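S.K.: I'll drop the sequence and a predicted model, then ask my questions.
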Number of protein chains: 2
Amino acid sequence: MAKWVYTFGAGLVDGDASMTALLGGKGANLAEMSVMGLPVPPGFTISTDVCSYFYANNKTLPPELDDQLAAAIAGINKATGREFGNPENPLLVSVRSGSRASMPGMMDTVLNLGMNDKAVEIFAEKTGDARFAYDSYRRFIQMYADVVLGVDHDFFEEVLDDAKDVNGYENDTELTADDWQKVIARYKEVIEEELDEPFPQDPHEQLLGAIKAVFSSWMNQRAVIYRSINRIPSNWGTAVSVQAMVFGNMGEDSATGVAFTRNPSTGENALYGEFLVNAQGEDVVAGIRTPHDLTEKARLEAGSNKASLEKLMPEAFDELNAVASKLEAHFRDVQDVEFTIERGKLWMLQTRSGKRTAKAAMRIAVDMAEEGLITKEEAVCAIEPGSLDQLLHPTIADGAVRTIIATGLPASPGAATGEIVFNPDEVEGLKNQGRDIILVRVETSPEDIHGMNAAQGILTQRGGMTSHAAVVARGMGKPCVSGAGMIKVDYHKGELSCQGRVFKKGDIITIDGGKGQVLDGRVQMQQPELSGAFGVIMGWADEIRRMKVRTNSDTPKEAKAAHSFGAEGIGLCRTEHMFFEEDRIRIVRDMIIADTELERREALDKLLPMQRNDFIELFEIMAGMPVTIRLLDPPLHEFLPHEESDIIQVAQSMGIDPEKLKSRSTILHEFNPMLGHRGCRLLISYPEIAEMQARAIFEAAIEAGRRAGSKVIPEIMIPLVSLKRELDYVKATIDAVAKQVAEEKGEEIEYQVGTMIELPRSAIRAGEIAEAAEFFSFGTNDLTQTTFGISRDDATQFIPTYEAKGIVDRDPFISLDLDGVGDLMRIATERGRVTRENLVLGICGEHGGDPDSINFCESIGLNYVSCSPFRVPIARLAAAQATIKYGK
Amino acid sequence: MAKWVYTFGAGLVDGDASMTALLGGKGANLAEMSVMGLPVPPGFTISTDVCSYFYANNKTLPPELDDQLAAAIAGINKATGREFGNPENPLLVSVRSGSRASMPGMMDTVLNLGMNDKAVEIFAEKTGDARFAYDSYRRFIQMYADVVLGVDHDFFEEVLDDAKDVNGYENDTELTADDWQKVIARYKEVIEEELDEPFPQDPHEQLLGAIKAVFSSWMNQRAVIYRSINRIPSNWGTAVSVQAMVFGNMGEDSATGVAFTRNPSTGENALYGEFLVNAQGEDVVAGIRTPHDLTEKARLEAGSNKASLEKLMPEAFDELNAVASKLEAHFRDVQDVEFTIERGKLWMLQTRSGKRTAKAAMRIAVDMAEEGLITKEEAVCAIEPGSLDQLLHPTIADGAVRTIIATGLPASPGAATGEIVFNPDEVEGLKNQGRDIILVRVETSPEDIHGMNAAQGILTQRGGMTSHAAVVARGMGKPCVSGAGMIKVDYHKGELSCQGRVFKKGDIITIDGGKGQVLDGRVQMQQPELSGAFGVIMGWADEIRRMKVRTNSDTPKEAKAAHSFGAEGIGLCRTEHMFFEEDRIRIVRDMIIADTELERREALDKLLPMQRNDFIELFEIMAGMPVTIRLLDPPLHEFLPHEESDIIQVAQSMGIDPEKLKSRSTILHEFNPMLGHRGCRLLISYPEIAEMQARAIFEAAIEAGRRAGSKVIPEIMIPLVSLKRELDYVKATIDAVAKQVAEEKGEEIEYQVGTMIELPRSAIRAGEIAEAAEFFSFGTNDLTQTTFGISRDDATQFIPTYEAKGIVDRDPFISLDLDGVGDLMRIATERGRVTRENLVLGICGEHGGDPDSINFCESIGLNYVSCSPFRVPIARLAAAQATIKYGK
């Protein structure tokens, strides 16, 4: 016969903490506490298998359940000396839900079950507190009617209000036992009026009703939504725990409260929590009375005049403290417990892993490791890598009021407040006046970089997680919300409108780049602070991890930031970003406008010393660590102006006919620039570009090497290769330049040439391509675009619909699509290494900073990940966790 | 010791026809003819291994070669009774190149080698023809000096011109023996002046020089270019054949000529060729004298008064005829032979497979199979599938003069002449006036279809082999040259300019869509004619082939054409093409402009009956054969006007504010439409579109089934799937509609739902996708675009450079990239069939009509190929050849 029911408490325990799948988190931990000999009110858990049965069988319970319930109840009867269903000696129970994953407040609970007209009298007699007894009964009726019988709680509130009005009371507490008896009578009438049936007096009937109601609540709307947001499978189901009631509201020697074994906000190793004397759990939550601090120290720090538990009930406090230590040592993690003190006796009602801030998590992990409670590896695994964003960026203060105007993509973490400005050219001047600016654009382009740089944050109407705005903002460590499709930006009117509201230039908004929210006005912020624990955890992570962590940095500023965050080299330097600076863009445009190779070479000759200096600086910052430089990648039209007025202005400053500029722009126009004349295709059409860049790199390497007194070995990366012959061609150009420079400088040059793997074909043909490439770097942004056939810049048109309709779980531009893109990466890794055993493999797409993606990179044995500077710590931690998972 | 030399002729034969890799085509066939006992002047072939040695060893010959040469020469001496190097009894030889693949005229030849000052006298004496002897000597000097010594032939022409001037001669033939002697003396002086060395008199020295020169000519520029065009690997190398000279210019009983065993133009089974009496081979080629026909019949047909060989030298003719029959029977193919008659004796100098027109190839293959010479399979393999284009389209007449204005891509075969017109709206009217139009556009869009339909041919400045213009033109069977990047179309001026030349509207041009040429003016055409042999070959191909051949047809007209060409169903009906018709585009635009689902549904309701009628017609034309209908694929903005003036006009006709249309257009604008909101992404965003289309299909299937009295089972295809859940979602929509329609009509509906595999991710995830898909159709156009990351519309910017620089051999949009795209297809096929053993697999990209790609499809076991109507016969033939290659 299937086992449906598992008992706990009072010596009889069927389960333990490992059985969360079957018993839910609450049930499993109640069993575990019983095993540990802690004071748990006796009870039992009906397993999640029953929930599955319930939904598979038209919401009925298995026939064998009755017998198992009876046996389990008999156990409680025995342990408590009371009897469920016997009005002369009533046993009251609570019925609670509990699933594998915590879903706080999503499902239903019934307390004081077993109460009826008869039992309440005996209960009053036994407790000597009639008011308490009738109050408990009316609470039960109210809760049961709402949860099980489906009678709206408004009916009962009306009754209660009437009762208070009649008696001229202000608060519920003023009602006497008699008043409650009248209220109860009226409650029962209401129920009978609504249902044409009396309120059930039989405790067994009550129990079955409550069990079914809890199972049913697994599928209520708010639970379904919560699961979909938190990606909890609906087939997990919930368990139901039935437990003897204990009462924190049995007088001044009773209390109820919640406690963390350590401070969840600071991580301090001291019991932390609050309680109420003479109250039930719901009173603590309801917030009608202000709770007391548990410890004297906390009371003093808070300046509270409400006595601490430590003072009020020293024995119970000591016991709670001892239980907390025991639990923490046992579960090897901070615990969040619920307790009740009934007439001086402590009862534990729940324990679970305690939620904490990123800062607290750091301190707790380090402390616990240093206390010897956990290993360094466990400490490293205890930190959610993504949570480090909270430590590295200003964020919106906890509890601050958010008036959300619009939502978009969480493109770059951190929060910022400022005036709306639409024109990037205006930002710098305003910044110099000391004003904070949020740059708002339909989308950004490389021409906007100066404005982005001067702004506090960036908001765009269009563009995905890897749009220009998102990538650049992350590189700068600035908050950005991209693809906020619900807003409409009208440059002409200087307006941002959203669902009927209009914001003008100069209006204040706040963006939360970690959540993708746009908020009205100024919102309270909290500033980041890096504790010593952060450094300790990072140090441990570095000891543990196998993969190196590099950075995607294009400028000295970014490279320095990344270096300070622990980057071990540059995995991607996008040289084109160097082309957009004020003094260079003109020369770049001269090059593009050139009619002949000779003219093109003249312009390139002017760029050479600039690029060389860029590279010298990068080599010096990275001081001997690897630096991978990608040759020019974007299509040339990105460097030309597009708006009529800009064209005229640029043409004038270039001293050419606007028609010429326009015609060049037309010739370069592409239907799908993403799939156009870019990357190695440009380098093959115009080898002189590759020549200039290679020369700048080699000359810089020699110069930086001389200054440092040790050789710099640059890594040159060819973008957008799909054919081995493309790589061969560009490599031949580079090799020839290396030979020339070596001869000119009288110095041998060491360097590596490798390729991006960012097209499905190069992944498939990796075996052949590895014959020519010394390293691969997975460009997972483009690889995701081409593997899915989705333009990241256009994806905002339908990805929200896809998420809403459950077609995708996570945006594949944020977290690697392991099944598709990942499979291509795996194929490329395997095929590449067959050809070249010591092939160096890395990732430099935005996924290089995403913990789940980093985990995958470890699983296929990449040598390093590379990400934007501010994600370097996240990557270091995630890489260590991945090493622990997969072994060195 | 390595064997370097292989003898033939005179009983001593070391080789045979199978040894073309080692002996070259010429050498191997000379050996084969010797084995057959045919009259071949004795000689030997120096193998291609020597060529490899020559290039691997700094252009030197292997040391053992000397001895082997001596032995081989001794053999010729013995067979001819003459002696190489003995001036008293000189043996003259020819030295010719011969590689595995025919490379006509690309490499060098030396005739009359062995001649020197002494030998020429004896030769004059022995032949009794001093003029002939000295003429032979001077020819040798001239050729040797050019080929071996590198002395420019201009020098010799000057000498010859002087000699003629002095004597007042018009032609070379007027020079006497004495004159030639003087010319020879002067030739030798020239050589000594140029080289500071006398002309070599030693025949052995001459021979080694000539052998080296022939090997060297393997790498001359024209040979290198020829190989690169014809994709002949350069490591094949050439062999050198040395052969005793025979002379067709030894008087009126001597002759030389070429013959085909059957007529290469018509295929008629009769000896066909021409000859000259008293001449050497080069005279026939030079065209100074008009050659005679071989047969009396041919002479009469040609109305020639020059005696046929049949009449002039009946014995030699009979022998030639017999040799021809023998050769054809032996090689089981039409032979193209060179022969010389020396004083009445026939000598065979070469035989090879004869080139022929497509029409002749058909007839020959059928005749030879019916004669029992070859099997049906061999007959089917004897036809180059691509050559069928010649039979299906008008082409430019052989020998017509082509004044090439520009070149582009051979986007759709056939040729057409007409007036230039730029505006598609004007074409129809002009056509109705009986005028022929070539529609010239920068690129075409679906709005241009009516103009394309009325034009004789289409020329575009931009766009690749799978651009809109190309795809639509092939569907219509109209000539098209696309991506002619060297022309500039200026709509405003009404001009087409190209490299300084300007053509106005109304000017006459001709396009050759088979070659990608744009020609000035009117050019002579030849009309297609389908012979009975065509039908016979197609019938045999159909008996043999395993794969089915379907068609990509969107309209009843196309479907009818394809049906008449033997299509066995529709593999791809692009429903969006039905949306562009005059009466529908307005409704489609209403749908796009709709603000609500309700408005959208109203527009769709109007489209429903139109789509239904389209489908009924297609089902009726295909009469029970499978019809695969693809749901809406292109992004919605393709249906909206883009030019300012068009927007205003369209908005007016729609009765809406132009601003609304513009704003909708802006919202729908995409950076990379190819990777945008299209395909199943649209069907998921707007399920009502899928609903309307599914309803139209089901209602049409029921109606067509009722009319035909047998069930129609439509195949519905979902485009652009990358995730199984996308397919699930759209399939659920279709299934729901099927259920509804079935209930309404009271009839069960059978149908299949499948998917395009056109994105790398769907290829990789084929195993999972096959759980939901009943069939796959490889959309290799998009699959090539995404696998390579190349937009076909932009590829013309760099593909020509890639071809010029040897980065790609063939445009991957024309012939499948087997290594990359092909590997993904193989993976998808394997993974799909693991999940669903009987999964139906086809290809509907443009590659479905490319013979090499069809061959690949057979190799991975696809069930069918689908191609544009006019390529159906090509596909039928290619599929049969592939079946023969891989077995059923």
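M.R.: Noted; the coordinates are in hand.
S.K.: and the end-to-end length of stretch A:669-682?
M.R.: For stretch A:669-682, the separation between the terminal residues is 14 Å (Cα to Cα, to the nearest Å).
S.K.: actually stretch A:389-397, not the one I typed
M.R.: Counting by Cα to Cα, you get 14 Å between the two ends of stretch A:389-397.
S.K.: can you give me the offset of that stretch from its chain's centre?
M.R.: Computed by Cα atoms, centre = their mean, to the nearest Å, the chain-centroid distance of stretch A:389-397 equals 13 Å.
S.K.: Can you give me the buried ones in that stretch?
M.R.: A:389, A:390, A:391, A:392, A:393, A:394, A:395, A:396 (16 or more other Cβ atoms under 10 Å in any protein chain shown). Placement of C-beta: from N, CA and C, glycine included.
S.K.: same thing with stretch A:258-278?
M.R.: A:258-264, A:266-269, A:271-278.
S.K.: is any part of the helix or strand hosting residue A:693 close to chain B?
M.R.: For residue A:693, the host element (DSSP states H and E) is helix A:687-708. No. Using Cβ under 8 Å from any Cβ of the partner chain as the criterion, no contacts between helix A:687-708 and chain B are found, and the smallest distance is 9.4 Å.
S.K.: what sits up against whichever helix or strand comes after that helix?
M.R.: Later in the chain than helix A:687-708, the nearest helix or strand by DSSP H and E is strand A:715-718. Strand A:715-718 is contacted by residues A:572, A:626-631, A:679-680, A:683, A:694, A:697, A:726-727, A:730-731, A:734, A:751-756, A:774-775, A:777 when judged by Cβ atoms under 8 Å, 6 or more residues apart in numbering or on different chains.
S.K.: Tell me which residues touch residue A:47, please.
M.R.: Residue A:47 makes contact with A:3, A:4, A:5, A:6, A:22, A:23, A:27, A:239 under the criterion Cβ under 8 Å, 6+ apart.
S.K.: what pLDDT does it get?
M.R.: According to the prediction, residue A:47 has pLDDT 96.
S.K.: and the buried residues of stretch A:258-278, which of them are in strands?
M.R.: Members of the buried residues of stretch A:258-278 lying in strands (criterion: DSSP state E): A:258, A:259, A:260, A:272, A:273, A:274, A:275, A:276, A:277.
S.K.: which of these sit farthest apart?
M.R.: Taking Cβ to Cβ as the measure, these span a maximum distance of 19.9 Å, between A:260 and A:277.
S.K.: Please name the residues that touch residue A:218.
M.R.: When the contact criterion is Cβ under 8 Å, 6+ apart, the partners of residue A:218 are A:51, A:55, A:97, A:99, A:107, A:234, A:237, A:238.
S.K.: filter those to the buried ones?
M.R.: By neighbour count, with 16+ other Cβ under 10 Å, the contacts of residue A:218 hold A:51, A:55, A:97, A:99, A:107, A:237, A:238 as buried.
S.K.: What is the neighbour count of residue A:87?
M.R.: Residues within reach of residue A:87, counting by other Cβ atoms under 10 Å in any protein chain shown, total 18.
S.K.: Please identify which helix or strand holds it.
M.R.: Assigned by DSSP H and E, residue A:87 belongs to neither a helix nor a strand.
S.K.: Let me know whether it touches residue A:115 as I believe.
M.R.: No. In this structure, residue A:87 is not within contact of residue A:115 by Cβ atoms under 8 Å, at 9.8 Å.
S.K.: is stretch A:597-610 up against chain B anywhere?
M.R.: No. Residues of stretch A:597-610 contacting chain B under Cβ under 8 Å from any Cβ: none, with a closest distance of 13.1 Å.
S.K.: list the buried ones in that stretch?
M.R.: Taking 16+ other Cβ under 10 Å as the neighbour-count basis, stretch A:597-610 is seen to contain the buried residues A:600, A:601, A:603, A:604, A:606, A:607, A:610.
S.K.: what element comes up after the helix or strand of chain A with the lowest mean pLDDT heading to the C-terminus?
M.R.: Between all helices and strands in chain A, the lowest mean by mean pLDDT, DSSP states H and E belongs to helix A:281-286, at a mean of 67. On the C-terminal side of helix A:281-286, the closest following helix or strand by DSSP H and E is strand A:292-293.
S.K.: so what secondary structure elements neighbour that next one?
M.R.: Using 3 or more Cβ pairs under 8 Å, 6 or more residues apart in numbering or on different chains; DSSP states H and E as the contact criterion, the elements in contact with strand A:292-293 are strand A:272-277, helix A:296-302, helix A:309-312.
S.K.: Indicate which one of those is closest to residue A:878.
M.R.: Ranking these by distance to residue A:878, with Cβ to Cβ as the measure, places strand A:272-277 first at 29.1 Å.
S.K.: Okay, now the sheet partners of that closest one, with direction.
M.R.: Pairing partners of strand A:272-277, with direction, according to DSSP bridges: strand A:255-260 (antiparallel), strand A:292-293 (antiparallel).
S.K.: Tell me which residue in the stretch 1-150 of chain A sits closest to chain B.
M.R.: residue A:55 (21.4 Å; Cβ to the nearest Cβ).
S.K.: What is the neighbour count of residue A:401?
M.R.: Residues within reach of residue A:401, counting by other Cβ under 10 Å, total 11.
S.K.: Leaving out the residues flanking it, which one is nearest to it?
M.R.: In space, residue A:401 comes closest to residue A:523 once its chain neighbours are excluded; the distance is 7.4 Å by Cβ to Cβ, 6 or more residues apart in numbering or on different chains.
S.K.: The one you found touches residue A:398, doesn't it?
M.R.: No. Using Cβ under 8 Å, residue A:523 is not in contact with residue A:398; the gap is 11.7 Å.
S.K.: More neighbours: these two, which one.
M.R.: Taking residue A:523 and residue A:398 together and counting by other Cβ under 10 Å, residue A:523 has the greater number of neighbours (21 against 9).
S.K.: For residue A:774, give me phi and psi.
M.R.: Residue A:774 adopts backbone torsions of phi -90, psi -20, taken as degrees, to the nearest 10.
S.K.: Likewise for the one 3 residues further on?
M.R.: Summarising the backbone geometry of residue A:777 under the convention degrees, to the nearest 10, its torsions are phi -130, psi 120.
S.K.: distance of it from residue A:546?
M.R.: Distance of residue A:777 to residue A:546, given as Cβ to Cβ, to the nearest Å: 18 Å.
S.K.: and those two? which has more neighbours close in?
M.R.: Here residue A:777 and residue A:546 are compared on neighbour count by other Cβ under 10 Å; more neighbours surround residue A:777, at 30 against 17.
S.K.: My read is that the more buried one contacts residue A:572, right?
M.R.: Yes. The criterion here is Cβ under 8 Å, and residue A:777 meets it with residue A:572 at 6.8 Å.
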